[in-house]
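S.K.: got a sequence here, can you model it:
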Amino acid sequence: GGGDGGSGGVGVSNRMPPVRRVELSSSELPKAALAVVEAQSLLADGLLDGVSVTEPEAQFIRAMGAAVRKQAEAMLWEGMRGPSQPVLATALQTFFNLQCLRVKVLSAASDLASELRSAATAALTNIGARAERAGRAGWNESLWLQVDAICSSLLSCASRLSLLCRVLRHRRDPLSNTPLASLIQPHDHHTAGGGRPPAAGG
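M.R.: Purely as a prediction, here's the structure:
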């Protein structure tokens, strides 16, 4: 049906393009995150008075949010592996704009801890297996090989976590001047999810 004329709200096209793979630049991704959050907030609060929003359009906004979040998550790990502070800063700013910074940072720290725990478990398991194959003579060599593997994993995880903390400590939201690190603190109930703090006034 047409969107011209008629009564009631202004029709918005219900033929939204499908969201495929979103690849936004480092300057576009945080802006896209803001736009998605604002659109979702308007839909949730019913503030689009006079505008008819169809379910395909609502689905499009949700899909865009998921695509932006997925790209930010990929950039988070890319930045820590690189290492690349600019890439990591973009990911963290995007999570801040999506109001999920604290959740994502704590999840990344937990994933690093799990990675280290898995490496240590594998190394200790390999000591026994290699000792069985090599006998007593090869046990010492096996032990130090696996200790070296654990130390390498520890250094890798610690380096990535250190970079994450360093970027958080020095990064501020350009609009509110909020230090990103302040949102990782659990005592602030206003920003516990890691999003933009409420605006002053109005």
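
S.K.: any buried residues in the helix ranked longest in the chain, and which?
M.R.: Determined from DSSP state H, the single longest helix within the chain is helix 101-134. Going by neighbour count (16 or more other CB atoms under 10 Å), the buried part of helix 101-134 is 101-102, 104-105, 108-109, 112, 116, 119, 123, 127, 130-131. In short, each C-beta sits where N, CA and C put it, glycine included.

S.K.: and stretch 30-38, by the same measure?
M.R.: 30, 32-34, 36-37.

S.K.: which one among the buried residues of helix 101-134 gets closest to S159?
M.R.: L112 (10.0 Å; CB to CB).

S.K.: ok, back up a step: dump the buried residues of helix 101-134 to JSON lines, plus pLDDT and distance to Q71.
M.R.: Shown next, in JSON lines, are the buried residues of helix 101-134 (pLDDT from 0 to 100; distance: CB to CB, whole Å):
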{"residue": "L101", "pLDDT": "93", "distance to Q71": "16"}
{"residue": "R102", "pLDDT": "93", "distance to Q71": "19"}
{"residue": "K104", "pLDDT": "94", "distance to Q71": "13"}
{"residue": "V105", "pLDDT": "94", "distance to Q71": "17"}
{"residue": "A108", "pLDDT": "94", "distance to Q71": "15"}
{"residue": "A109", "pLDDT": "93", "distance to Q71": "21"}
{"residue": "L112", "pLDDT": "93", "distance to Q71": "20"}
{"residue": "L116", "pLDDT": "90", "distance to Q71": "26"}
{"residue": "A119", "pLDDT": "87", "distance to Q71": "28"}
{"residue": "A123", "pLDDT": "79", "distance to Q71": "34"}
{"residue": "I127", "pLDDT": "71", "distance to Q71": "40"}
{"residue": "R130", "pLDDT": "66", "distance to Q71": "42"}
{"residue": "A131", "pLDDT": "64", "distance to Q71": "46"}
